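A.B. asks: this one's sequence-less:
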């Protein structure tokens, strides 16, 4: 009996590694082998201190954002240039195609460019929603006053990441473990903060999420993108844990073997957003990470502190960025394989 309706997680999320041939060499290439047409692709150069590059099918292939900075959307023909039926094409830009550099791309499936969602008081320009995997992308124009925005998921989102497009603005983030009275910035090391002008202190519903007058999510006349995620048993998990401060740290049960995990200390400042995946070289006792909020190369500094298991992950470090005693941490995780399913992929520890 299947554990989840998503028996093959890679049909909705997939990590793809490749080697760049561009940069000074001037090459371009098409990356294939992703088992779906990606609608949101996040690329990072593993060997060079380049920006994270995020592109989606709703805004358009040439529209770039960077999680490690608060800059406006960039229109570039040298980065990700097109989405294909099983991958994407990249230009000569070293951020996505540095010559000889190892590259990692994280890819999610939504539902093409989508169409306007009219469930909220703000009609979205486009909403691309995949209700099976619990992921949607919406673009909208702010009003500067309290409003609601349709997300298209049919269930309450567990995480929402909003970014202003036309001018600078931090990546303002909702997480269900913190609630609608709090927010985080994806591009900074700031701790959680409270401001009723962000989410109006109102929890998202099965159809909409609320925004106040805060500039980073609803300034009058500004344009935005919102990435919304709903938890799906056996495929995605959005939770929190309390650090123990010892090497036999917290175990977080996800119900699946993780393919991708991002963790942030929410209760204290000056700690990064850590990202791991199961495709890059590594093993339990040596899983290398990136920081979403910096352009640093792949890091080995905390590689020994994070284990990917068959049914979750475990912290094995006293580093306060991941396991400080009494500190609170939030995470989002996506599956490589459900703990039980019919996908013929064994859920084993890494």
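C.D. replies: Sure, I can see it. This one's a predicted model, so the numbers in the text were calculated from it and none came from an experiment.
A.B. asks: ok, residues contacting the host helix or strand of residue 239?
C.D. replies: Using DSSP states H and E, the element containing residue 239 is strand 236-242. Contacts to strand 236-242, defined as Cβ atoms under 8 Å, 6 or more residues apart in numbering, come from residues 133-134, 158-159, 175-178, 229-231, 250, 252, 254-256, 266, 315, 326-335. In this view, the C-beta of every residue, glycine as well, is placed from N, C-alpha and C.
A.B. asks: can you list the strands that it pairs with?
C.D. replies: When pairs are called by DSSP bridges, strand 236-242 turns out to pair with strand 328-338 (antiparallel).
A.B. asks: which strand residues bridge the residue lying closest to residue 252 once chain neighbours are set aside?
C.D. replies: Distance criterion Cβ to Cβ, 6 or more residues apart in numbering; nearest residue to residue 252, sequence neighbours excluded, is residue 312 at 5.0 Å. Residue 312 has these beta-bridge partners by DSSP bridges: residue 253.
A.B. asks: just give me the neighbour total for residue 312.
C.D. replies: A total of 22 residues lie near residue 312 under the criterion other Cβ atoms under 10 Å.
A.B. asks: any idea how far residue 25 is from it?
C.D. replies: 42 Å (Cβ to Cβ, to the nearest Å).
A.B. asks: and residue 158, by the same measure?
C.D. replies: On the measure of Cβ to Cβ, residue 158 and residue 25 end up 42 Å apart.
A.B. asks: more crowded one of the two?
C.D. replies: Neighbours per residue (other Cβ under 10 Å) separate residue 158 from residue 25, with residue 158 holding more: 22 against 13.
A.B. asks: ok, now how distant is the more buried one from residue 320?
C.D. replies: 25 Å.
A.B. asks: next one: phi and psi at residue 320?
C.D. replies: Dihedral pair for residue 320: phi -70, psi -20, per degrees, to the nearest 10.
A.B. asks: tell me the pLDDT at it?
C.D. replies: What the model reports for residue 320 is a pLDDT of 95.
A.B. asks: so what's the nearest residue to it once chain neighbours are set aside up against?
C.D. replies: Closest residue to residue 320 apart from its sequence neighbours, by Cβ to Cβ, 6+ apart: residue 327 at 6.6 Å. Contact analysis of residue 327 by Cβ under 8 Å, 6+ apart lists 242-243, 265, 267-268, 320.
A.B. asks: circling back to that earlier point, check contacts around the residue nearest to residue 252.
C.D. replies: 251-256, 258.
A.B. asks: swap in 7 Å and give it another go.
C.D. replies: Residue 312 is in contact with 251-254, counting by Cβ atoms under 7 Å, 6 or more residues apart in numbering.
A.B. asks: do the same with residue 38
C.D. replies: 83, 88, 107-109.
A.B. asks: show me just the buried residues among those.
C.D. replies: Buried members of the contacts of residue 38, counted by 16 or more other Cβ atoms under 10 Å: 83, 88, 107-109.
A.B. asks: and the residues you listed, which is closest to residue 208?
C.D. replies: Of all those, residue 108 has the smallest distance to residue 208: 21.4 Å, by Cβ to Cβ.
A.B. asks: how much space separates the residue lying closest to the closest one once chain neighbours are set aside from residue 332?
C.D. replies: Spatially, and ignoring its direct neighbours in sequence, residue 108 is nearest to residue 40 (4.4 Å; Cβ to Cβ, 6+ apart). From residue 40 over to residue 332 the distance is 14 Å, taken as Cβ to Cβ.
A.B. asks: now the strands for the stretch 251-350 of the chain?
C.D. replies: 251-253, 256-265, 273-277, 290-291, 306-308, 312-315, 328-338 (DSSP state E, counting those that start in this stretch).
A.B. asks: please convert those to JSON lines, extending it with mean pLDDT.
C.D. replies: Formatted as JSON lines, the strands of the stretch 251-350 of the chain follow (pLDDT from 0 to 100):
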{"stretch": "strand 251-253", "mean pLDDT": "97"}
{"stretch": "strand 256-265", "mean pLDDT": "96"}
{"stretch": "strand 273-277", "mean pLDDT": "97"}
{"stretch": "strand 290-291", "mean pLDDT": "96"}
{"stretch": "strand 306-308", "mean pLDDT": "93"}
{"stretch": "strand 312-315", "mean pLDDT": "96"}
{"stretch": "strand 328-338", "mean pLDDT": "92"}
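A.B. asks: ok, which stretches of the stretch 1-150 of the chain are strands?
C.D. replies: 13-19, 29-31, 40-45, 53-56, 63-64, 74-75, 80-84, 87-90, 102-108, 126-130, 135-141, 147-150.
A.B. asks: what subset of the contacts of strand 236-242 is buried?
C.D. replies: 133-134, 158-159, 175-178, 229-231, 250, 252, 254-256, 266, 315, 327-335.
A.B. asks: mind giving me the domain ranges of this structure?
C.D. replies: The chain resolves into domains spanning 9-108, 126-229, 236-338 when parsed by automatic domain parsing.
A.B. asks: wait, which of those is closest to residue 115?
C.D. replies: domain 126-229 (6.3 Å).
A.B. asks: just the terminal-to-terminal distance for the closest one.
C.D. replies: End-to-end distance of domain 126-229 (Cα to Cα, to the nearest Å): 16 Å.
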